[in-house]
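Undergrad: what's the 3D shape of this:
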Amino acid sequence: MLGVCYRYTKSMEDAEDVLQEGFVRVFKNLQSFKGEGELGAWIRRIMVNTALSFLKKHEVYRNELAIKEEFLHPISDSNPEINLNSKDLLQLVRQLPAGYQAIFNLYAVEGYSHVEIGKMLGISEGTSRSQYMRARNLLISWLEKFSGEKKKVKYV
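TA: Model prediction:
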């Protein structure tokens with residue numbers, strides 16, 4: 001679960017704080033677990049929600065969650081043929097602004113729909129889609145730069 005928390009924060013210390021708060025919530029709400037799914041999935045959802053609450057609560061992240069149009073990069077349709085190991089890709093995702101990082105993780109990693117993400121973050125479905133595409137395209141542009149430095153690198 002520390003890995004889940006770390007995906008949404010910018011430091012291990014913040015991830016540990018989220019993890020601790022998440023487990024407090026898990027133990028406080030254990031009676032509400034109905035056993036209808038995996039316990040791990042239920043705990044993961046609590047950790048994700050705790051991480052999102054943490055982002056909204058802390059000034060450093062709150063400013064980044066409010067992505068302003070002037071900071072956005074144009075969306076492109078490029079799709080580089082790059083292969084990266086998962087550790088390198090995770091490091092690139094962690095360099096995204098907090099808003100992009102949260103939406104990218106919620107959609108691409110956790111599997112939430114844009115409708116669900118919109119409800120979780122208090123944004124529209126279209127904003128979620130737009131920020132996801134912009135995060136994706138920012139990652140692609142970084143991957144293209146990375147591939148220029150390392151020849152014969154392919155997507156995973």
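Undergrad: Now the longest helix seen in the chain: buried residues?
TA: When the chain is parsed with DSSP state H, its longest helix is helix 125-149. The neighbour-count check on helix 125-149 (16 or more other C-beta atoms under 10 Å) flags 127-132, 134-140, 142-143, 146-147 as buried. The way it works is simple: take the backbone N, C-alpha and C, and place the C-beta from them, glycine included.
Undergrad: where in this structure is pLDDT low?
TA: Applying pLDDT under 70 to the chain flags the ranges 59-86, 147-156.
Undergrad: go with 90
TA: 3, 7-11, 34-37, 55-95, 97-99, 109-110, 121-122, 139-156 (pLDDT under 90).
Undergrad: Mind splitting it into its structural domains?
TA: 1-65, 68-156 (automatic domain parsing).
Undergrad: Can you give me the separation between residue 120 and residue 141?
TA: Using C-beta to C-beta, to the nearest Å, residue 120 is found at 27 Å from residue 141.
Undergrad: correction: residue 99
TA: The value you get for residue 99 to residue 141, if C-beta to C-beta is used, is 17 Å.
Undergrad: Then residue 107?
TA: The value you get for residue 107 to residue 141, if C-beta to C-beta is used, is 19 Å.
Undergrad: need the helices for the chain, in chain order.
TA: Taking DSSP H as the criterion, the chain carries its helices at 2-8, 12-28, 39-57, 59-65, 86-94, 98-104, 114-121, 125-149.
Undergrad: Skipping adjacent residues, who's closest to residue 12 in space?
TA: residue 6 (6.6 Å; C-beta to C-beta, 6 or more residues apart in numbering).
Undergrad: residues touching residue 31, list them.
TA: If you count contacts by C-beta atoms under 8 Å, 6 or more residues apart in numbering, residue 31 has none.
Undergrad: same check, this time on the one 5 residues further on
TA: Under the criterion of C-beta under 8 Å, 6+ apart, residue 36 has no contact partners.
Undergrad: who touches residue 18 in this structure?
TA: Shown in contact with residue 18 (C-beta under 8 Å, 6+ apart): 5, 8, 9, 47, 50, 51, 54.
Undergrad: Any quick PyMOL command for the buried ones out of those residues?
TA: Burial among the contacts of residue 18 is assessed by 16+ other C-beta under 10 Å; the matching PyMOL selection reads:
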select buried, resi 5+8+9+47+50+51+54
